[in-house]
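Asks: Sequence and predicted structure are below.
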Amino acid sequence: MTAAASLLVLAGAVGVARGSSRPPAPASVDGKALAHAAAHAPELRVGFAKELLDPDPADVAARTVHLGGYGLFPTRATTGPMILPDGSPEHLYVRAMAIVNRRGQALLLADIENQGTFTAYKQCACGIWDVRRQVAADRHVPAESIVVNSDHSHSGPDLIGLWGGVPVRYLQYVRDQTIRALEEALDTATPAHLLAGASIPVVPPEAEGGYVHGSATPGEPLVHSQFGQDRVTGHDESAVDTELRVLQAVTPGGHLLGTLVNYAAHATVTGSGNLGYSADWPGWVARKTEQALGEPVAVTMVADVGRSQPPRPISDASCGKPGHIGCEGDKLDTYSRLVLPFVLDAVVHAAPVAGDVVGNREVLTREEAVNAALLGVSYSGEVPVNGYGAYRGTTPPWATGTVIGTFVSSHRVGDVLLTAAPGEAYPDIRFALQRSVAGYSRLFTFGLANDQLGYLIAPSSEYPWIASSQPGNDNAFFNVSPTYGDHVLCAQTSAAVALGFAASGEPTPYGSDANAPACGAYAAGDTAPPGEVTQQPWPWGDGL
């Protein structure tokens with residue numbers, strides 16, 4: 001049987017209906033067919049791992065573990081884990097994937113299930129930079145080859161500090177478990193082929209989706225924009241990244257090692273009234289993927305989640321009533337159940353990654369922060385009162401007066417391009433990068449990666465519209481600078497070209513109705529990643 005024929009048989013086995021709103025039925029995927037399709041692709045070594053991140057029950061009982069993402073201030077101390085439909089408690093994880101070629105070039109990826117994680121903290125050497133530096137030292141890989149993001153769950157622990165925060169010992173626990181997961185993924189990497197695929201998740205008809213009438217619209221994408229078209233410039237703020245992408249690892253013998261899922265919906269399926277800690281849809285989709293494919297670890301890394309929200313259908317019209325599932329759990333179960341078939345669809349139709357080059361380029365971007373309110377909560381975090389200031393470090397290179405320093409990067413695995421942005425990137429950054437760079441087969445976008453600077457609005461000419469069109473939204477408040485989204489685009493583009501992808505020379509990557517980014521000016525302020533960094537003094541313990 002040819003590779004193409006094998007994939008056709010495999011597609012039939014999971015009931016894929018491409019080009020329609022009918023989701024493929026969740027069923028087992030034939031790893032041998034995938035391995036056969038990738039038989040002539042270069043062999044890599046790939047590993048997966050996951051480690052628990054559940055808060056200490058004693059801290060939960062003391063009401064010192066808060067959930068982050070809605071409103072401000074310490075209003076949502078968690079009462080414990082979300083309860084799954086089978087009655088068992090949900091667990092939080094850090095999930096990791098390692099990819100290594102025969103020359104030892106590596107890319108290590110990890111997702112932490114929480115609202116967001118800073119590159120550096122005031123309280124301890126427990127930020128993402130500290131994680132990356134430790135793994136780099138332990139396993140002799142470059143720090144720029146490590147990308148750690150957060151799933152941005154608004155029912156996840158608040159490692160930002162603006163919503164009540166968490167004990168310092170929990171920050172340290174997250175650091176230790178993330179190091180452990182990354183190193184375990186690298187240490188257990190085994191010969192495998194990588195395949196990359198994509199699908200476009202949409203809401204199926206009610207009879208097929210099993211959701212309550214009126215709680216979703218058949219045919220609508222499973223992610224949508226908070227905004228409409230800019231009535232001043234004409235720029236389309238309703239456009240979002242609707243593509244779900246996967247990297248599937250399979251051994252030459254047909255054993256499925258793990259799946260990386262990359263999708264752009266905000267992790268806000270649960271609402272602001274929920275007090276059960278949860279990974280939201282990224283963790284639920286990862287768990288359902290593991291179960292459907294019979295593999296030990298799936299990793300969900302959110303993409304360009306800026307302005308991108310999920311619909312929230314339910315399946316039980318009596319949810320929340322005695323004898324029925326809670327409504328937040330019902331929404332999570334329904335949404336992840338609707339997404340899962342499209343993950344399987346992407347796996348079934350994945351194509352082998354061509355080439356075995358693994359490369360990484362990272363810069364430390366420096367941006368003048370002009371948002372006085374955000375700077376205020378950053379520096380007020382020096383006071384040991386949890387929930388009234390951000391935990392992010394305020395010493396160089398992370399903050400030098402009003403100049404913020406953080407990481408932006410691009411990565412290469414064969415003919416696949418992967419980019420990392422330190423916040424909630426607007427999809428325009430991805431769209432503009434697609435116009436600016438050529439030569440890749442698939443583009444993965446990682447948001448909240450290696451830091452969390454809030455919304456990365458782009459193009460900068462859209463900032464006035466975002467700030468004024470919906471006064472009740474927080475996109476402009478949680479934004480370091482109106483130009484930082486442009487800065488991210490420029491840094492990712494130059495890094496991608498440095499990795500061997502082609503520059504298109506497109507002069508207006510955002511389109512004719514938006515500004516062209518001033519890439520030369522931004523690049524002049526960027527620097528190489530730092531070496532050793534002195535930890536900021538913190539005499540306050542866990543604060544108050």
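Replies: Okay, I see it. Residues are numbered from 1 along each chain as shown.

Asks: Where does L418 sit: helix, strand or coil?
Replies: Recorded secondary structure, L418: strand (DSSP: H, G, I helix; E, B strand; the rest coil).

Asks: For burial, what's the neighbour tally of it?
Replies: Counted with other Cβ atoms under 10 Å, the neighbours of L418 add up to 28. Where C-beta positions appear, they are placed from N, C-alpha and C, glycine not excepted.

Asks: Equivalent analysis for the one 10 residues further on, please.
Replies: For D428, the neighbour count with other Cβ under 10 Å is 29.

Asks: do P471 as well
Replies: Counted with other Cβ under 10 Å, P471 comes out at 7.

Asks: Give the residue spans of the stretch 1-150 of the chain that score low on pLDDT.
Replies: 1-28 (pLDDT under 70).

Asks: Equivalent analysis for the stretch 251-400 of the chain, please.
Replies: Within the stretch 251-400 of the chain, the segments meeting pLDDT under 70 span 382, 384.

Asks: the strands in it, which residues?
Replies: Here the stretch 251-400 of the chain has its strands, by DSSP state E, counting those that start in this stretch, at 256-263, 276-277, 297-302, 308-309, 351-352, 358-368, 399-400.

Asks: Direction included, what does the fourth one pair up with?
Replies: If you go by DSSP bridges, strand 308-309 pairs up with strand 224-225 (antiparallel).

Asks: swap in the third one?
Replies: The strands that strand 297-302 pairs with in its sheet are strand 256-263 (parallel) (by DSSP bridges).

Asks: between the strand it pairs with and strand 416-420, what angle do the directions make?
Replies: On the basis of axes from the mean of the first three to the mean of the last three Cα atoms, to 10 degrees, strand 256-263 is oriented at 60 degrees to strand 416-420.

Asks: Of all the strands of the stretch 251-400 of the chain, which one is nearest C519?
Replies: Closest to C519 of the strands of the stretch 251-400 of the chain is strand 358-368 (Cβ to Cβ; 11.9 Å).

Asks: which ones are touching V168?
Replies: Residues near V168 by Cβ atoms under 8 Å, 6 or more residues apart in numbering: 123-124, 126, 541-543.

Asks: Out of those residues, flag the one nearest to G359.
Replies: C126 (28.8 Å).

Asks: contacting residues for the closest one?
Replies: 168, 171-172, 174-175.

Asks: Tabulate the contacts of V168 (TSV), appending secondary structure.
Replies: Shown next, in TSV, are the contacts of V168 (three-state DSSP):
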residue	secondary structure
Q123	coil
C124	coil
C126	coil
G541	coil
D542	coil
G543	coil
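
Asks: hang on, the earlier thing: between the strands of the stretch 251-400 of the chain, which one is nearest to G214?
Replies: Closest approach to G214 among the strands of the stretch 251-400 of the chain (Cβ to Cβ): strand 308-309, 18.1 Å.

Asks: do you know which of the strands of the stretch 251-400 of the chain lies nearest D138?
Replies: The nearest among these, by Cβ to Cβ, is strand 358-368 at 17.6 Å.

Asks: Okay, buried residues for that closest one please.
Replies: Neighbour counts using 16 or more other Cβ atoms under 10 Å place 358-367 of strand 358-368 among the buried residues.

Asks: Please apply the same query to stretch 393-400.
Replies: Here stretch 393-400 shows 393-394, 397-399 as buried, counting by 16+ other Cβ under 10 Å.

Asks: do the same with stretch 448-462
Replies: Under 16+ other Cβ under 10 Å, the buried positions of stretch 448-462 are 448-462.

Asks: Please identify which of those is nearest to A521.
Replies: S460 (12.0 Å).

Asks: In contact with the closest one, which residues?
Replies: Taking Cβ under 8 Å, 6+ apart as the test, what S460 contacts is 482-483, 485-486, 515, 517.

Asks: which pair in the residues you listed spans the largest distance?
Replies: Longest span within these, Cβ to Cβ: P482 and P517, 11.8 Å.

Asks: Can you pick out the residue with more neighbours from the two?
Replies: P517 (26 against 20).

Asks: I figured the more buried one was touching A491, is that so?
Replies: No: in this structure P517 lies outside contact range of A491 using Cβ atoms under 8 Å: 10.2 Å.

Asks: sorry, back to before: can you pick the most crowded of the contacts of C126?
Replies: V174 (27 neighbours).

Asks: tell me the contacts of it?
Replies: Neighbours of V174 in contact, by Cβ under 8 Å, 6+ apart: 53, 94, 112, 114, 117, 126, 159.

Asks: Compute the number of surrounding residues for the third one.
Replies: Counted by other Cβ under 10 Å, the residues lying close to I112 total 31.

Asks: Distance check, it against V299.
Replies: According to Cβ to Cβ, to the nearest Å, I112 and V299 sit 11 Å apart.

Asks: in the stretch 51-200 of the chain, which spans are helices?
Replies: If you assign secondary structure with DSSP state H, counting those that start in this stretch, the helices in the stretch 51-200 of the chain sit at 57-61, 128-139, 168-187.

Asks: Which one of these lies nearest to G228?
Replies: helix 128-139 (34.6 Å).

Asks: If you go by neighbour count, which of the contacts of V174 are buried?
Replies: Buried among the contacts of V174 by 16+ other Cβ under 10 Å: 53, 94, 112, 114, 117, 126, 159.
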